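> Model the structure of this input:
(one chain, ligands or ions: 2)
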Amino acid sequence: MFRTRGLSGADPFLRRATTASAPSVRELRLNRAVGAYLGLAVGDALGATVEFMTPNEIRHQYGVHREMIGGGWLKLRPGSVTDDTTMALALGESILRAGGRVDALAAAQAFDEWMRGKPVDIGNTVRRNLIGFRRTGNPEAPASEHDAGNGAAMRLAPVALAYLGEPEDDTLAAVRAQAHVTHHNGLSDAGCEALVMMTQDFILGENDITVLHLRAHALVARFPEYMFRGKPRLNPSGYVVDTLVAVFQALFETESFEDCLVNVVNRGGDADTTGAIAGMLAGARYGATAIPRRWLDALDPIMRDKCRTQARALLANFLD
Ligand code: MG
Ligand code: MG
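Numbering: from 1, shown residues only. Ligands and ions are numbered 1, 2, ... in the order given. Below you'll find the model as predicted:
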């Protein structure tokens, strides 16, 4: 489905490598890490146009939606991002201020400050639990079966970057600490953990087959809800399982950044968030240089710069 032209995935680093000196491991990793962050923003902005539409409605209106044109129910300017990207940036800021660590209280304060800034959109679970934090001062929301939304999963890029090369247990503890500020739920936790490990694996240069088996299938083995083999998941809701099933299908069925993103956002539903998460994974897999130039050019320049700058700052300890 939604098969599209496949040349955009060619990695200029690798093309250059045949004519000049090969890029260093450091350059390749930096390209993929910045790709994860820019991919998140690009996917958010691309998907927002068709958020809450069904695949049929999208087909009727756009044929295949593949351009950064804004609009959607939020009436965005072309290239504008939504809460998925701005919450990730708020979390990233709090990580940098805490010396490269996730600190639950710092994250809760950053999200609270973000909410006070009247973001263009905000999820119900995020709002409810941030209001709870204002009342109690406790950055960990109470565990709840109602908190299995995708709101903790959409903002993981800064955690993946900040904990690159760190022990897996520390990384997973950081994932849960940031997640529990707004989503304290076992399915959300498991999905978030898998997403961060997948992003890190790709940045470090693992191939898709390894990531598929080591992370995606392992998640399904623990939580069969996440089974993503089979019928295409269309119109994915904000339920984290629905979201990740659509994202995994799009990621592992395609072979370029552009094809992955076009595939996932044309499924409709919570398309800005499936776009954001698929963008993070595909950006890590293929690198920033594989993101279509026309999408990067259309992206809100302030957000584009923030993503680039913050990605490099979060990586400082790992790369130097
Ligand atoms: Mg959003
Ligand atoms: Mg959304």
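
> ends of stretch 127-143, how far apart?
Using CA to CA, to the nearest Å, the end-to-end distance of stretch 127-143 comes to 16 Å.

> Any residue of it touching ligand 1?
No - with CB under 5 Å from the ion as the threshold, stretch 127-143 lies outside contact range of ligand 1, at a closest distance of 12.9 Å. Backbone N, C-alpha and C define where each C-beta goes, glycine included.

> Would you mark the buried spots in that stretch?
If you call a residue buried by 16 or more other CB atoms under 10 Å, then stretch 127-143 has these buried ones: Asn129, Leu130, Gly132, Phe133, Pro139, Glu140, Ala141.

> Farthest pair within those residues?
Leu130 and Glu140 (12.4 Å; CB to CB).

> so what sits against both of these two?
Val181 (CB atoms under 8 Å, 6 or more residues apart in numbering).

> returning to what we had before: nearest to Ala48 among the buried residues of stretch 127-143?
Of all the buried residues of stretch 127-143, the one sitting nearest Ala48 is Leu130; the distance, using CB to CB, is 21.6 Å.

> so that closest one makes contact with Ala108?
Yes - in this structure Leu130 lies within contact range of Ala108 using CB atoms under 8 Å: 7.4 Å.

> overlap in contacts of the two?
When CB under 8 Å, 6+ apart defines a contact, the residues bordering Leu130 and Ala108 alike are Val181.

> Return the distance of stretch 149-167 from the chain's centre.
Taking the mean C-alpha point of stretch 149-167 and that of its whole chain, the gap between them comes to 9 Å (CA atoms, centre = their mean, to the nearest Å).

> Grab the nearest non-local neighbour of the residue nearest the centre of the chain.
The geometric centre of the chain, computed from its C-alpha atoms, lies nearest to Ile277 (CA atoms, centre = their mean), at 2.9 Å. Residue nearest to Ile277 in three dimensions, not counting chain neighbours: Val247, with 5.0 Å by CB to CB, 6 or more residues apart in numbering.

> part of a strand, is that neighbour?
No - Val247 sits outside any strand when classified using DSSP: H, G, I helix; E, B strand; the rest coil, being helix.

> roughly how far apart are it and Arg128?
Summarising the geometry, the distance separating Val247 from Arg128, computed by CB to CB, to the nearest Å, is 25 Å.

> for Gly186, what are its contacts?
When contacts are taken as CB under 8 Å, 6+ apart, Gly186 is in contact with Phe223.

> what helix or strand is the one residue in the stretch 201-320 of the chain that gets nearest to ligand 1 on?
Taking CB to the ion, ligand 1 has its nearest neighbour within the stretch 201-320 of the chain at Asp272, 4.1 Å off. When elements are defined using DSSP states H and E, Asp272 is found to belong to helix 271-286.

> Mind listing what's buried along that helix?
Applying a neighbour-count criterion of 16+ other CB under 10 Å, the buried positions in helix 271-286 are 271-286.

> Tell me the one among these nearest to Cys192.
Distances from Cys192 to the buried residues of helix 271-286, taken as CB to CB, are shortest for Ile277 (10.2 Å).

> Skip the chain neighbours and tell me the closest residue to Tyr62.
Among residues not flanking Tyr62 along the chain, Val50 sits closest, at 7.5 Å (CB to CB, 6+ apart).

> Number of residues surrounding the one you found?
Under the neighbour criterion other CB atoms under 10 Å, Val50 is assigned a count of 25.

> Local confidence estimate at the nearest residue to Ala194 once chain neighbours are set aside?
Residue nearest to Ala194 in three dimensions, not counting chain neighbours: Leu219, with 4.3 Å by CB to CB, 6+ apart. According to the per-residue confidence, Leu219 scores 98 in pLDDT.
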